[in-house]
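Undergrad: generate a structure from the sequence data that follows.
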Amino acid sequence: MRAFIPWRWLLRKRHLLFDGGLCEVKMKPFMGIICTVMLFIVYRTTNYQYQQTEMESRLHPFFTLKEAGIASTSLNGLPRGIIQATSDLELKPLWSTSSSKSKKSVVSPHNLLAIPVGIKQKHNVDAIARKFVPENFTIILFHYDGHMDGWSDLEWSNKAIHVIGQNQTKWWFAKRFLHPAIVSAYDYIFLWDEDLGVKNFNPKRYLEIMKSEGLEISQPALDPNSTGIHHRITVRSKTNKFHRRVYDIRGSVKCSDASEEPPCTGFVEGMAPVFSRSAWHCAWHLIQNDLVHGWGMDMKLGYCAQGDRTKKVGVIDSEYIVHKSIQSLGGQSAKKVSKSELLIKKQPVDMRSEIRRQSTSELQIFKRRWEQAVKEDKDWVDPFQKDKKTRSLV
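TA: Predicted structure coming up:
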């Protein structure tokens, strides 16, 4: 009997294994159904998340709650369809009339002109505005001297937006009143100074060139007779429609075909920049909230060109301006006084010198911030240094 026990035990084990195999085969269709259901759930979840992301991008094209430090649940009390995350600078009537309804069929403004202004430059600003009004530009004036009422006699003034900020700069105004979510309705943003001569400038032809050449950031060339020319690349070339670089072997900066950095290429100056919507979204974030003079930004604007700055940043020669370099913000420099006057009263403050000193200080602060940001952001790769290395290997 003992000899048969192991045999029966093995036979029993064989039947158990065989039954288990059958059971395993029977389980395969069931597991297939489970896997199919799980894949379907994963697909639906992923698709839902994609649709949510798409909706977020439509509702918040230039603004994220994360950027503002606001909890993502802060809008959960609202149905998504009612949320409007963007705005514009268009004036709206208090009530609708038949004439206002008929005007809705007219093409609405798609571009914006923003200028910091003082009453002393009223005549010149009027000449600038008259160039842009016929092209359906929205105009916003930043009054740095507080004199807003003195502009009411201009025929276009009542259609413009007026903002007052005593003794504030263009970049201070831009950071606070030209948020990308506010100006997202406009294709191009002209952020100009008030002391520009526009006799030889046409905004319609200018934008046609900017679009056809694929420029995201640009400026009109400066007439060679302009005062306050700081960089050769901004000077008008009579033989070109536009240019992206300059060739100059004079001075401390040598510009040639091998030059790939500002101010030889990929550069515009701060007196008359023009931004596409996408470029302005980037440039607005580059403006430092507390550095109101904007010094140093011009060298970094190429990072906002939405691609290769040597191709997407340019100076348009055929539509050019005159830079008069009138230093009005802060007033004129203090006059010299005699020794006898100094004994009687304190020496007056030279406001222009103080402004320049502050601007120089802000430039150094901006440079340090950029360097620190690059150092701390381990994931950021300088796109232009990368391209330079690639070209050197070729």
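Undergrad: now do the strands in the stretch 101-250 of the chain.
TA: Counting by DSSP state E, counting those that start in this stretch, the stretch 101-250 of the chain forms strands over residues 111-117, 137-143, 161-164, 188-191, 196-197, 217-222, 242-243, given from the N-terminal end onward.
Undergrad: most tightly packed of those?
TA: Each of the strands of the stretch 101-250 of the chain was assessed for mean neighbour count using mean count of other CB atoms under 10 Å. The highest is strand 217-222, with a mean of 27. For the C-beta atoms, the positions are set from N, CA and C on the backbone; glycine is no exception.
Undergrad: now that one, how far from the centre of its chain.
TA: Average the C-alpha atoms of strand 217-222, do the same for its chain, and the two points are 16 Å apart (CA atoms, centre = their mean, to the nearest Å).
Undergrad: check stretch 369-377 too.
TA: Relative to the mean C-alpha coordinate of its chain, stretch 369-377 is positioned 20 Å out (CA atoms, centre = their mean).
Undergrad: would you mark the buried spots in that stretch?
TA: Buried residues in stretch 369-377, counted by 16 or more other CB atoms under 10 Å: residue 370.
Undergrad: and the contacts of that stretch?
TA: Defining contact as CB atoms under 8 Å, 6 or more residues apart in numbering, one finds that stretch 369-377 is touched by 288, 296, 300, 380, 382.
Undergrad: likewise stretch 247-262?
TA: When contacts are taken as CB under 8 Å, 6+ apart, the neighbours of stretch 247-262 outside the stretch itself are 232-233, 245-246, 263-266, 298-299, 302, 309-310, 384, 387-388.
Undergrad: show me the two of the residues you listed that sit farthest apart.
TA: Checking the contacts of stretch 247-262 against each other with CB to CB, the farthest-apart pair comes out as 232 and 387, at 23.6 Å.
Undergrad: circling back: and which of the contacts of stretch 369-377 is nearest residue 189?
TA: The shortest separation between residue 189 and any of these is 17.5 Å, and it belongs to residue 300 (by CB to CB).
Undergrad: format the strands of the stretch 101-250 of the chain as a markdown table; extra columns: distance to residue 319 and mean pLDDT.
TA: Shown next, in a markdown table, are those (distance: least, CB to CB, whole Å; pLDDT from 0 to 100):
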| stretch | distance to residue 319 | mean pLDDT |
| --- | --- | --- |
| strand 111-117 | 14 | 98 |
| strand 137-143 | 15 | 97 |
| strand 161-164 | 25 | 98 |
| strand 188-191 | 12 | 98 |
| strand 196-197 | 12 | 97 |
| strand 217-222 | 5 | 98 |
| strand 242-243 | 9 | 98 |
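Undergrad: correct me, but residue 157 touches residue 151?
TA: Yes: when contacts are counted by CB atoms under 8 Å, residue 157 is listed as touching residue 151 (4.7 Å).
Undergrad: burial of residue 289, as a residue count?
TA: Taking other CB atoms under 10 Å as the criterion, the count of residues near residue 289 is 9.
Undergrad: just say helix, strand or coil for it.
TA: Secondary structure assignment for residue 289 (DSSP: H, G, I helix; E, B strand; the rest coil): coil.
Undergrad: check residue 319 too.
TA: Put simply, residue 319 is strand when judged by three-state DSSP.
Undergrad: so where is the stretch 101-250 of the chain shaky, pLDDT-wise?
TA: Along the stretch 101-250 of the chain, the parts satisfying pLDDT under 70 run over 101-109.
Undergrad: report the contact partners of the residue nearest in space to the middle of the chain.
TA: For the chain, the residue lying nearest the average C-alpha position, counting by CA atoms, centre = their mean, turns out to be residue 280 (2.0 Å). Remark: with contacts taken as CB under 8 Å, 6+ apart, residue 280 is in contact with 178, 180, 183, 189, 304.
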